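A predicted structure for the sequence below; I have some questions about it.
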Amino acid sequence: MRTKLNQYLSSLWQNSWLLLFSILLQTIIVVQFTYISKGGTSIDASLIQILIVGLKAFTRSVAWAVLFWGIIAYFGSKKEHSVFKPIYTILLYLFLFFQSFLFLGESFLLARYQTVYSHEIISILTGTNPREANEFFQNVISDSSILWSFLVYIFILLISLIYRKWSNRRDFSTSILWKGFVLLSLIPFLLTLCYSTPRTYKKVLSASHTHDYSVAPFDRVFWNTFGYIHDYNKKKEAAEAMASLDLGDLKVVKPFKGLNLVVIIGETLRRDYLHCYGYPLNTTPKLDSLLLGGNLVKFNNVVSSAPNTIGSLTKVLTFKTFDGAKKWYEYPSLCSTFSKAGYWEQWTSNQESTGEFIQDINILAVQADETDFVNDRSIDAEHNEHLTYFDEDVLPALKTDDEVLANHREKKNLLQIVHLIGSHPIYKKRFPKSYAKFKAQDVPIHRSAHKDQMVADYVNSVYYNDYVVSEIIKHYEKEEAIVIYFSDHGEVIYDDPRNPELCDHGMTKEALRVPFFVYISPTMQSQAPMLLERMKALQDRPIMTDAFTRSLAELVGIQTKFSNPQVEFFSEQYDESRPRVIENFSQKVVFTQDDNLLRTK
Ligand SMILES: [Zn+2]
């Protein structure tokens with residue numbers, strides 16, 4: 001027993017250069033990342049707060065180094081044994097390779113993108129995002145910052161090897177000092193194992209990744225990969241459970257064939273910033289001319305059921321309404337219902353494919369027959385100002401009924417859902433330079449230089465959105481098509497009297513009023529002669545988008561156990577006095593029939 005312990009202590013001594021090597025490399029990354037991100041704290045955080053974050057990350061880095069060192073040294077202590085020798089050698093080289101690769105990879109990411117290993121990087125590495133993968137690897141090769149990282153790496157390797165030579169010439173492994181050091185090294189290891197690890201595990205289970213700045217490089221690799229797989233499985237399971245929910249006796253009473261039903265979901269677009277709804281600047285030249293053409297109908301009294309994407313779309317895209325008693329995922333979705341009614345569903349999105357703010361929507365997205373994230377990325381990409389993904393990227397991915405139904409003869413119609421990033425903050429990331437038409441001096445109300453620029457950016461995103469939406473409509477003008485466009489919610493733009501500094505999602509009238517359009521193509525009009533007139537007759541109806549799935553089903557004649565014409569806003573029997581109540585955290589507001597907001601809480 002005693003000799004075994006001594007052998008282990010001696011092996012720990014001989015392999016202690018690995019500990020040095022790993023701690024040095026990880027510490028360089030920790031210091032760099034803490035410096036660049038200020039430890040993820042706010043700009044005016046004190047130096048002490050930033051140092052604490054860095055210290056936590058350092059402790060966890062040491063813990064990982066101790067773990068690998070302990071394991072490798074264990075096999076090293078038995079290397080006289082013919083079985084253990086190759087295991088020792090393999091583990092040693094694997095560790096050296098992995099540690100080196102991690103250091104070089106993350107220092108490149110930090111230098112080039114101010115980021116570290118995250119979901120985007122996984123999607124690039126796993127090849128789910130080939131367009132970016134190309135760019136990424138070209139950058140790796142051409143960037144001079146990788147040369148600097150490499151020089152630092154060589155320097156650390158040299159120090160570690162010199163130390164190795166020195167330590168192999170002496171043996172302090174039996175000294176009391178060495179025994180004390182080994183015991184001491186267990187402290188960061190046990191602290192991390194017992195205190196931090198359970199917390200990180202919990203966080204990754206709920207948010208599917210850790211963007212915590214106090215973790216070590218190895219934590220990021222381990223937890224973010226684990227979270228990525230966990231998230232994928234969770235979404236798949238939830239989607240399957242929703243798809244099997246009971247719809248009752250499903251009937252299709254209007255047998256369309258070859259219909260292109262297109263639902264464009266906009267983002268953060270408040271109604272009053274559209275020229276066609278009265279904004280003084282010409283933000284919607286293309287929609288304006290489509291309205292003049294007469295095939296597009298503009299609804300004038302539509303509100304969202306929540307001031308944020310999840311709250312709004314989990315109702316829009318399921319049978320859940322604001323007064324529904326159950327959770328949204330206990331109601332069948334738009335996709336699963338239309339699938340059972342003979343529609344082929346194509347989901348085309350320019351939003352994120354992972355991340356805690358969007359995960360629920362993606363549970364709905366993966367219920368479509370085909371889901372295409374045209375710019376596959378996680379929410380982390382939003383933190384980076386240099387990464388822009390424009391909505392026009394959805395255009396080449398749009399499908400028509402002829403393209404998909406030839407291969408899916410069991411289906412009769414197409415449901416194309418388009419999910420845009422629209423005017424979501426950060427506004428200036430939402431339009432290409434060529435659409436920067438409006439300047440700060442053009443905005444109708446002047447507040448301050450900074451605020452006017454922010455408004456101008458928002459206005460330009462509306463102007464660009466006009467182009468994207470009208471291009472999508474154009475794509476279907478020769479088809480038998482119904483195209484519906486609305487936004488998930490609006491936005492507060494320095495006009496909440498309770499908080500004049502607020503420029504974000506919120507609970508004001510304009511942050512909840514949304515634009516809503518229905519386009520009926522000429523071919524569709526000849527198929528259903530009364531449809532366009534009916535839409536025009538309904539355009540002033542008070543509507544809340546929570547009843548969208550029900551209403552769309554009614555419009556195309558799909559009947560289920562959820563059918564209730566009083567809630568279905570395209571129906572003859574729609575109840576125009578249906579309450580429009582919006583609750584968000586502690587606030588509650590009601591929209592009156594004449595489109596005004598009453599604040600009740
Ligand atoms: Zn939204």
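The structure has been received and is ready for your questions. Numbers count the residues shown, from 1 in each chain.

and Arg447, helix, strand or coil?
Per DSSP: H, G, I helix; E, B strand; the rest coil, the secondary structure class of Arg447 is coil.

which residues touch it?
Arg447 is in contact with Val455, Tyr494, counting by C-beta atoms under 8 Å, 6 or more residues apart in numbering. Placement of C-beta: from N, CA and C, glycine included.

what about it, distance to Lys509?
19 Å (C-beta to C-beta, to the nearest Å).

ditto for Phe256
The spacing between Phe256 and Lys509, counted by C-beta to C-beta, is 37 Å.

ditto for Glu572
29 Å.

repeat for Leu102
51 Å.

around the ion, pick out the residues from this protein.
Glu267, Thr309, Asp488 (C-beta under 5 Å from the ion).

now do the same contact list for the last one.
I take that to be Asp488. Ile265, Gly266, Glu267, Thr268, Ser304, Asn308, Thr309, Ser312, Leu313, Val316, Val514, Thr545.

just the element for the nearest residue to it once chain neighbours are set aside, please.
Spatial nearest neighbour of Asp488, excluding adjacent residues (C-beta to C-beta, 6 or more residues apart in numbering): Ser312 at 4.4 Å. When elements are assigned from DSSP states H and E, Ser312 belongs to helix 309-316.

how about the CA coordinates for that helix, as CSV?
The C-alpha coordinates for helix 309-316 follow below in CSV (Å, rounded to 0.1, in the frame of the first residue of the first chain):
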residue,chain,number,x,y,z
THR,A,309,-41.3,36.6,-29.3
ILE,A,310,-41.9,33.5,-27.1
GLY,A,311,-45.0,34.9,-25.4
SER,A,312,-46.5,35.8,-28.7
LEU,A,313,-45.5,33.0,-31.1
THR,A,314,-46.2,30.1,-28.7
LYS,A,315,-49.8,31.2,-29.0
VAL,A,316,-49.7,32.3,-32.7
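
what count of nearby residues applies to Ile445?
Counted by other C-beta atoms under 10 Å, the residues lying close to Ile445 total 11.

for it, which non-adjacent residue is closest in space?
Closest to Ile445 by C-beta to C-beta, 6+ apart is Val455, at 7.8 Å.

Lys251 now?
Per C-beta to C-beta, 6+ apart, closest to Lys251 is Gln559, 4.5 Å.

quick one, what contacts the one you found?
Counting by C-beta under 8 Å, 6+ apart, Gln559 touches Asp249, Leu250, Lys251, Val252, Val253, Ala553.

check contacts around Lys399.
So Lys399 contacts Gln346, Thr348, Leu414, Gln416 (C-beta under 8 Å, 6+ apart).

now with 10 Å, please.
Residues in contact with Lys399 (C-beta atoms under 10 Å, 6 or more residues apart in numbering) are 260, 262, 344-346, 348, 370, 372, 405, 414-416, 475.

could you dump those residues to a markdown table with distance to Arg170?
Shown next, in a markdown table, are these (distance: C-beta to C-beta, whole Å):
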| residue | distance to Arg170 |
| --- | --- |
| Asn260 | 79 |
| Val262 | 76 |
| Trp344 | 73 |
| Glu345 | 70 |
| Gln346 | 69 |
| Thr348 | 66 |
| Glu370 | 65 |
| Asp372 | 62 |
| Leu405 | 78 |
| Leu414 | 76 |
| Leu415 | 74 |
| Gln416 | 72 |
| His475 | 75 |
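
picking up where we left off before, right, and the residue nearest to Asp488 touches Val514 too?
Yes: with contacts counted by C-beta atoms under 10 Å, Ser312 reaches Val514, the gap being 8.8 Å.

what's the weakest-modelled helix or strand in this structure?
helix 130-142 (a mean of 58; mean pLDDT, DSSP states H and E).

picking that back up, the residue nearest to Ile445: neighbour count?
Val455 - counted by other C-beta under 10 Å - has 24 other residues nearby.

that one: which element?
Going by DSSP H and E, Val455 is part of helix 449-475.

quick one: distance of that helix to the chain centre.
Between the centre of helix 449-475 and the centre of its chain there are 21 Å (C-alpha atoms, centre = their mean, to the nearest Å).

what lines up beside the next helix or strand along the chain from that helix in the sheet?
Helices and strands here follow DSSP H and E; after helix 449-475, the next one along the chain is strand 481-487. Strand 481-487 has its sheet partners listed here by DSSP bridges as strand 260-266 (parallel), strand 516-520 (antiparallel).

and the angle for the longest one with helix 449-475?
What that stands for is strand 260-266. If you take axes from the mean of the first three to the mean of the last three C-alpha atoms, to 10 degrees, strand 260-266 sits at 180 degrees to helix 449-475.

now strand 260-266: mean pLDDT?
For strand 260-266, mean pLDDT rounds to 98.

quick one: Ile90 and Ile71 touch, right?
No: in this structure Ile90 lies outside contact range of Ile71 using C-beta under 10 Å: 11.9 Å.

Arg60 touches Arg199, doesn't it?
No: in terms of C-beta under 10 Å, Arg60 does not count as a neighbour of Arg199; the distance is 11.4 Å.

ok, those two, which is more surrounded?
Of the pair Arg60 and Arg199, Arg60 is the one with more neighbours under other C-beta under 10 Å, namely 26 against 11.

pLDDT below threshold where in this protein?
Flagging of the chain using pLDDT under 70 yields the residue ranges 1-2, 41-44, 113, 119-120, 123-143, 208-212, 355-357, 378-386, 601.

find the closest residue to the ion in it.
Thr309 (3.1 Å; C-beta to the ion).

C-terminal to the least confident helix or strand of the chain, what's the next element?
Downstream of helix 130-142, the first helix or strand assigned by DSSP H and E is helix 145-169.

following element in sequence after that next one, please.
Per DSSP H and E, the first helix or strand lying C-terminal to helix 145-169 is helix 176-191.

okay, buried residues for the helix or strand following that next one please.
As assigned by DSSP H and E, the chain's next helix or strand after helix 176-191 is helix 197-207. For helix 197-207, a neighbour-count test (16 or more other C-beta atoms under 10 Å) marks Thr200, Lys203, Val204, Ala207 as buried.
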